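Novice: got a structure for you, letters missing:
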């Protein structure tokens, strides 16, 4: 490696701005590819950005701790971004009120199904109990899911990966599932993907329509709260 380049890299790698800059550039490149593909769900920008970042960290031998020293600024914005989801939800409040009981029933059924089906499938394939418990909160947004996993005896770091994979799979495949089931109502489609695929699915729902995004945001928030309350009780009862 060129000595001058090596000195520049040592300087840059020690700066917290490295993680922030790389994250923004990776997502910008991923979103460009997503738009060039005609917004094909298979070219999900989150998935592409994750691959770019993993390759970058691997090739440069950069530790995750060094990377996150800068990327934490993006992580901090998850809070305000989540709160901002209440704006489109408020605009569709009348529709939410008219569907109150279906929303509650769908939330409970979806939350329990997402958790228990994952645990059951993992058990059938012989996964260890810690892995099963790590899978249980996979459909909840990452910070809540990691807290739940720690509380019920799972592995928080594994849960974080599983949450991301779940969100990407939901964002990529949900449309095809809805079409096969002939579900056309954007509110129903949005709520379902919000329960199953948390923030990544919600972002995809907003790209389809504001109403779908609003109901996805509602589902994501309610599912996080309900799962945090019910899952430790259900797992304790099962074991």
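Specialist: Nice, thanks for sending it over. If you're wondering where the values come from, they're calculated on a predicted model, not measured in any experiment.
Novice: centre of the chain versus the longest helix anywhere in the chain, how much separation?
Specialist: Longest helix in the chain by number of residues (criterion: DSSP state H): helix 210-238. Mean-position distance between helix 210-238 and its chain equals 13 Å (Cα atoms, centre = their mean, to the nearest Å).
Novice: list the buried residues in that helix.
Specialist: Applying a neighbour-count criterion of 16 or more other Cβ atoms under 10 Å, the buried positions in helix 210-238 are 210-224, 226-228, 231-232, 234-235. Just so you know, the C-beta spots here come from the backbone N, C-alpha and C atoms, and that holds for glycine as well.
Novice: pLDDT on that helix, on average?
Specialist: For helix 210-238, the mean pLDDT works out to 87.
Novice: just checking, what packs against it?
Specialist: Applying 3 or more Cβ pairs under 8 Å, 6 or more residues apart in numbering; DSSP states H and E, we find helix 210-238 packed against helix 86-91, helix 93-98, helix 100-124, helix 142-152, helix 186-208.
Novice: so in the protein, where's the weakest helix or strand by average pLDDT?
Specialist: helix 3-13 (a mean of 54; mean pLDDT, DSSP states H and E).
Novice: the helix or strand that that helix is followed by vs helix 186-208, what angle?
Specialist: Note on helix 3-13: by DSSP states H and E, the next helix or strand toward the C-terminus is helix 17-36. Between the axes of helix 17-36 and helix 186-208, defined by axes from the mean of the first three to the mean of the last three Cα atoms, to 10 degrees, the angle is 110 degrees.
Novice: in helix 17-36, what's buried?
Specialist: Residues 18-20, 22-23, 26-27, 30-31, 33-34 are the ones in helix 17-36 that count as buried (16+ other Cβ under 10 Å).
Novice: near residue 81, how many other residues are there?
Specialist: 12 (other Cβ atoms under 10 Å).
Novice: ok, now how distant is it from residue 199?
Specialist: Distance check for residue 81 against residue 199: by Cβ to Cβ, to the nearest Å, it reads 8 Å.
Novice: how about low-confidence regions in the protein?
Specialist: For the chain, applying pLDDT under 70 flags the ranges 1-16, 82, 239.
Novice: domain assignment for it?
Specialist: 3-76, 83-238 (automatic domain parsing).
Novice: which one of these is the most hemmed in?
Specialist: Neighbour counts (mean count of other Cβ atoms under 10 Å) averaged over each of the domains of the chain peak at domain 83-238, with a mean of 19.
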